[in-house]
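Colleague: sequence? don't have it. structure:
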């Protein structure tokens, strides 16, 4: 099997356990293929944690889960220098924290204060952790998958814009339809009878992920597509050029990280679709997920009930398609 066939097989495995969330699964794979991090947002019980754990189960990887709480400390995430005494001699030795995994679930990330959230910044951007003046490299396969609840705000700490910008994608998970819910009921009932989720016999090797990343990196993007991506980003920064109301509604546009995220994600989607080149539909398909957390709406937009998705949808209709 080729790398793409193995990744598509991985997609089917995860989809068998996560009912009615095909778009979410595709976004998780895109992040995996582009060495990115993901923020998943949805109501409790919508399989955010299950999706991440199922993905980890089907890959040869070390899965780590960090439950973010108000009393968590940065050292609980990164690890710390521990004093050991042996043969009458003492020394400090670094004890790795849960961040030293391959797929790291940062569950309810907004339940811990800023100093704990900031412990992830270096890991997410530079794939390393510095403790006590010493830098420790993270595994080559590394991905932070964070979750948060969109409606519960009491006792939470909103992520700062600088940290939001480090997520390749911000994925919204919606309620399932009736037929999907029926399948979920039967699936979980069957798992309960079998004693839990079925452990895959042959997880996808890490090397398959690395091979797939090389192929994604080789996907072509024409100058017209590059200019289209830049035009979308530019439109978030200068919305008034396209529409008077958008000029009032968008306070801050996307950073250059948004440009890079849109490029990487659209190439990964093209690869998953079996194409060696990017088309405008690839860019449009991932634009909201790559940009919804990178624009800041104005007070007027909030007062008039305009969500970031509403603003991006309007913007995409106004930017010329090559």
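Modeller: Now that the structure is in, tell me what you want to look at. No experiment lies behind these values; they were computed from the predicted model shown. Numbers count the residues shown, from 1 in each chain.

Colleague: okay, the residue positioned nearest the centre of the chain: pLDDT?
Modeller: Nearest to the mean C-alpha position of the chain, counting by C-alpha atoms, centre = their mean, stands residue 38 at 1.0 Å. Per-residue confidence for residue 38 comes out at a pLDDT of 95.

Colleague: surely it meets residue 28?
Modeller: Yes. In this structure residue 38 lies within contact range of residue 28 using C-beta atoms under 8 Å: 6.4 Å. (C-beta placed from N, C-alpha, C; glycine too.)

Colleague: picking that back up, the residue nearest to the residue nearest to the centre of the chain when sequence neighbours are not counted: neighbour count?
Modeller: Using C-beta to C-beta, 6 or more residues apart in numbering and skipping the chain neighbours, the partner closest in space to residue 38 is residue 31 (4.6 Å). In terms of burial, residue 31 registers 25 neighbours under the definition other C-beta atoms under 10 Å.

Colleague: buried residues in the helix or strand where residue 31 lies?
Modeller: For residue 31, the enclosing helix or strand under DSSP states H and E is helix 22-33. Within helix 22-33, the residues that qualify as buried by neighbour count (16 or more other C-beta atoms under 10 Å) are 24, 25, 26, 27, 28, 29, 30, 31, 32, 33.

Colleague: ok, now stretch 210-218?
Modeller: Within stretch 210-218, the residues that qualify as buried by neighbour count (16+ other C-beta under 10 Å) are 211, 212, 213, 215, 216.

Colleague: now swap in stretch 287-303 and tell me
Modeller: Of the residues in stretch 287-303, those with enough neighbours to count as buried (16+ other C-beta under 10 Å) are 287, 288, 289, 290, 291, 292, 293, 294, 295, 297, 298, 301.

Colleague: Please tell me I have it right and residue 83 contacts residue 90.
Modeller: Yes. At 6.0 Å, residue 83 counts as touching residue 90 under the criterion of C-beta under 8 Å.

Colleague: Pretty sure residue 213 sits against residue 35.
Modeller: Yes. Under the contact definition of C-beta under 8 Å, residue 213 touches residue 35, with a separation of 6.6 Å.

Colleague: Checking residue 209 next. Helix, strand or coil?
Modeller: At residue 209 the chain is in helix, as set by DSSP: H, G, I helix; E, B strand; the rest coil.

Colleague: list the contacts for it?
Modeller: 32, 33, 59, 141 (C-beta atoms under 8 Å, 6 or more residues apart in numbering).

Colleague: try it again with 10 Å
Modeller: 3, 6-7, 10, 29, 32-33, 35, 59-61, 102, 140-141, 143 (C-beta atoms under 10 Å, 6 or more residues apart in numbering).

Colleague: Mark which of the residues you listed are buried, thanks.
Modeller: Members of these that pass the buried threshold by neighbour count (16+ other C-beta under 10 Å) are listed as 3, 6-7, 10, 29, 32-33, 35, 59, 61, 102, 141, 143.

Colleague: So which of the buried residues of stretch 287-303 are in strands?
Modeller: In strands, judged by DSSP state E, the following of these are found: residue 297.

Colleague: closest to residue 66 among the buried residues of stretch 287-303?
Modeller: Using C-beta to C-beta, residue 293 is the member of these that lies nearest residue 66, at 20.2 Å.

Colleague: Spit out the contact partners of that closest one.
Modeller: The neighbourhood of residue 293, defined by C-beta under 10 Å, 6+ apart, consists of 39, 41, 159, 161, 163-171, 254, 258, 308.

Colleague: coming back round to it: look up how far residue 103 lies from the residue nearest to the centre of the chain.
Modeller: Here residue 38 is placed at a distance of 10 Å from residue 103 (C-beta to C-beta, to the nearest Å).

Colleague: Mutual contacts of the two, please.
Modeller: Among the neighbours of residue 38, those also in contact with residue 103 (C-beta under 10 Å, 6+ apart) are 28, 32, 52, 143, 144, 145.

Colleague: What sits closest to the first one if chain neighbours are left out?
Modeller: Leaving aside its chain neighbours, residue 28 sits nearest to residue 55 (5.8 Å; criterion: C-beta to C-beta, 6+ apart).

Colleague: what do you get for the fourth one?
Modeller: Counting by C-beta to C-beta, 6+ apart, residue 103 is the residue found nearest to residue 143 once chain neighbours are left out, at 5.3 Å.

Colleague: For the stretch 101-250 of the chain, just list every one of the helices.
Modeller: Along the stretch 101-250 of the chain, counting by DSSP state H, counting those that start in this stretch, helices occupy 114-117, 121-126, 161-164, 178-194, 206-217, 223-237, 244-249.
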